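**Student:** sequence plus predicted model, see below.
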Amino acid sequence: MAPETGSLIVALATPPGRGALALVRLSGHGALDVARRLSGRPVFRPRVATHTRLRLPGDLSDSAVITTYVAPHSFTGEDAVEITTHGSPVIVDAVLQACLEAGARLASPGEFTYRAYLHGRLDLLQAEAVADLVAATTPAQVRVASSHLDGTLSEAIRAMGDEIAALRALLEASLDFPDEGFHFIAPEAVVGRLRMLQETCVRLLGSASAGRRLHDGALVVVAGRPNAGKSSVFNALLGRARAIVGPTAGTTRDLLTESIALGGVPVTLADTAGLRDTDDHVEREGVARAEQSMAAADLVIVVVDPSAGVDALEEGRSLWESLDGRGRVCVLNKVDVWGASAAARPEWAPPDAIPVSATEGTGIDRLGEALAGVLGRVTWEGETLTRARHRSLVGECAAALARAEETAAAGGSEEYVLADLGDALRALSDLRGVESAEDVLETIFATFCIGK
Ligand SMILES: Nc1nc2c(ncn2[C@@H]2O[C@H](COP(=O)(O)OP(=O)(O)OP(=O)(O)O)[C@@H](O)[C@H]2O)c(=O)[nH]1
Ligand SMILES: [Mg+2]
């Protein structure tokens, strides 16, 4: 996608297929002429929905609503037109064809938002938020994306950049008047301000793992010995009998996955074959797949049946311990059988292990809460780093600030501190896309869908 602006682009903004209505969007020079040409109306009042008849190729016509926007007061910052027609694909095709005949070309993915960015209507963080908002599948994703679109994250980043720029100005002034004994800022004050800036970076980076899961989703795997009740726990979390449950050990062989939301995070929940040595080659393959999915999981739910006997409990222990340092939650299933007695709890089980009865539904809400807690319930204060790009640039900024602090604390030259502050500032500008390279931008906008 070339970063040219102004040429006339058109795309269907609503999903393809049949609907009650469809919305075709145009942006660029000549957009208003197209509206006139299709409707035969000489004048449109900007931003006022106008009911009109469209004359379309192939002897078709439709009654439609047209809204016009005059540059720079539009989403893209250009002249723009929205045409709402009845939602037949035949009508949509005719409208698109008419627009193409009038000199428009089909928009590339994300091109409307790219233009909004190029015209300074949005910064890069906000443009990414447009894509995230449209792609959101959980309310928490909507909250974070819409808060980023409103500029909360951009504002935090801009404020940090302003603070660094102010510090740079003071240091430069000190450099400019070295002999007169001017000290526009004392070294201790520089260190203090650099520390505060680093704290902001740490706070932002602290949101990154929950933000990544919010953005990319999380893999949560239910694991344990055969017959511990994994499929029953899986079904209870889903709220429906998705997996086959049976009294024979080795019921589940394949990996079963379903999508659910936990604490606002979109989760792929996987049920697995019970972990045991076996000669059955199908079951062995199932165990291998269970192990692979555990290795990739953000969180493993270890299901243990405390009534299953000593050997089973020892295997539960080794599975639990093998996950040390990873996201893990211990579930003591079949509490209706073992009665929640302290004596029946395995001694290795952590104090926050959750007694549940998958068949009766006891403890399942608490399990859901615990899972959401481990996944990092998103507090959606707006300053959540959701993408790898955000994490790496805030990380670069923090590292540059730390270098600057070290130099300042050791009484090093202002020049070195200034160079590090320059790096910190550059990372923040890249984050907001103030002067981003074209190839970086193209990679980002290429992930958008057409019409956005
Ligand atoms: N009483 C009681 N029985 C349960 C509970 N959860 C599961 N069961 C029973 O335990 C047996 C095994 O349950 P599954 O959910 O199939 O166990 P699994 O761990 O998926 O077993 P595999 O797929 O064979 O590894 C079934 O007969 C279930 O009805 C529970 O909370 N209470
Ligand atoms: Mg099973």
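**Tutor:** Happy to help now that I have it. Numbering: from 1, shown residues only. Ligands and ions are numbered 1, 2, ... in the order given.

**Student:** CA atoms for contacts and neighbours, from now on please.
**Tutor:** Fine.

**Student:** pLDDT score assigned to the nearest residue to residue 215 once chain neighbours are set aside?
**Tutor:** Counting by C-alpha to C-alpha, 6 or more residues apart in numbering, residue 386 is the residue found nearest to residue 215 once chain neighbours are left out, at 5.6 Å. Among the per-residue scores, residue 386 holds a pLDDT of 93.

**Student:** over to residue 172?
**Tutor:** At residue 172, the pLDDT value in this model is 89.

**Student:** which residues of the stretch 251-400 of the chain score low on pLDDT?
**Tutor:** Scanning the stretch 251-400 of the chain for pLDDT under 70 picks out 377-381.

**Student:** let me see the contact set for the closest residue to ligand 2 within it.
**Tutor:** Among all residues of the stretch 251-400 of the chain, residue 252 sits closest to ligand 2, at 4.0 Å; criterion: C-alpha to the ion. The contact partners of residue 252, by C-alpha atoms under 8 Å, 6 or more residues apart in numbering, come to 231, 243-245, 272-274, 286.

**Student:** same check on residue 7?
**Tutor:** 27-29, 104.

**Student:** now these in JSON lines, with neighbour count, secondary structure and distance to residue 397?
**Tutor:** Shown next, in JSON lines, are those (neighbours: other C-alpha atoms under 10 Å; DSSP: H, G, I helix; E, B strand; the rest coil; distance: C-alpha to C-alpha, whole Å):
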{"residue": "27", "neighbour count": "32", "secondary structure": "strand", "distance to residue 397": "37"}
{"residue": "28", "neighbour count": "23", "secondary structure": "coil", "distance to residue 397": "37"}
{"residue": "29", "neighbour count": "19", "secondary structure": "coil", "distance to residue 397": "40"}
{"residue": "104", "neighbour count": "23", "secondary structure": "coil", "distance to residue 397": "42"}
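
**Student:** now the residues you listed as CSV including distance to ligand 2 and pLDDT?
**Tutor:** Shown next, in CSV, are the contacts of residue 7 (distance: C-alpha to the ion, whole Å; pLDDT from 0 to 100):
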residue, distance to ligand 2, pLDDT
27, 54, 98
28, 57, 97
29, 61, 96
104, 56, 96
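
**Student:** tell me the one of those residues nearest residue 256?
**Tutor:** Residue 256 has its nearest neighbour among those in residue 27, at 45.4 Å by C-alpha to C-alpha.

**Student:** coming back round to it: the residue of the stretch 251-400 of the chain closest to ligand 2 - that's part of a helix, no?
**Tutor:** No - counting by DSSP: H, G, I helix; E, B strand; the rest coil, one finds residue 252 to be coil, located in no helix.

**Student:** any idea how far residue 102 is from it?
**Tutor:** Between residue 252 and residue 102 the computed distance is 60 Å (C-alpha to C-alpha, to the nearest Å).

**Student:** what's the answer for residue 40, then?
**Tutor:** 14 Å.

**Student:** and the strands in the chain?
**Tutor:** For the chain, the strands defined by DSSP state E occupy 9-12, 21-27, 50-56, 60-69, 80-86, 105-106, 218-224, 256-262, 265-271, 299-304, 328-332, 354-355.

**Student:** and the third one, what's its mean pLDDT?
**Tutor:** Taken as a whole, strand 50-56 has a mean pLDDT of 97.

**Student:** counting by contacts, list what it packs against.
**Tutor:** In terms of contacts (3 or more C-alpha pairs under 8 Å, 6 or more residues apart in numbering; DSSP states H and E), strand 50-56 is packed against helix 31-39, strand 60-69, helix 89-101.

**Student:** any chance of the contacts of residue 252 in CSV, plus neighbour count and distance to ligand 2?
**Tutor:** Formatted as CSV, the contacts of residue 252 follow (neighbours: other C-alpha atoms under 10 Å; distance: C-alpha to the ion, whole Å):
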residue, neighbour count, distance to ligand 2
231, 29, 4
243, 18, 7
244, 10, 7
245, 16, 6
272, 30, 7
273, 30, 6
274, 27, 7
286, 21, 11
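
**Student:** is stretch 292-305 anywhere near ligand 1?
**Tutor:** No - under the criterion of C-alpha under 6 Å from any ligand atom, ligand 1 is not reached by stretch 292-305; the shortest gap measures 7.5 Å.

**Student:** then that stretch to PDB, C-alphas only?
**Tutor:** The C-alpha trace of stretch 292-305 is given here as PDB (Å, rounded to 0.1, in the frame of the first residue of the first chain):
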ATOM      1  CA  GLN A 292       2.600 -30.500  23.800                       C
ATOM      2  CA  SER A 293      -0.400 -28.300  24.600                       C
ATOM      3  CA  MET A 294       0.700 -28.100  28.300                       C
ATOM      4  CA  ALA A 295       4.100 -26.800  27.100                       C
ATOM      5  CA  ALA A 296       2.400 -24.100  25.100                       C
ATOM      6  CA  ALA A 297      -0.200 -23.200  27.700                       C
ATOM      7  CA  ASP A 298      -0.500 -19.800  29.500                       C
ATOM      8  CA  LEU A 299      -2.200 -21.700  32.300                       C
ATOM      9  CA  VAL A 300      -2.600 -25.300  33.200                       C
ATOM     10  CA  ILE A 301      -5.600 -26.500  35.300                       C
ATOM     11  CA  VAL A 302      -4.200 -29.600  37.200                       C
ATOM     12  CA  VAL A 303      -7.200 -31.800  38.000                       C
ATOM     13  CA  VAL A 304      -6.700 -34.200  40.900                       C
ATOM     14  CA  ASP A 305      -9.200 -36.600  42.400                       C
END
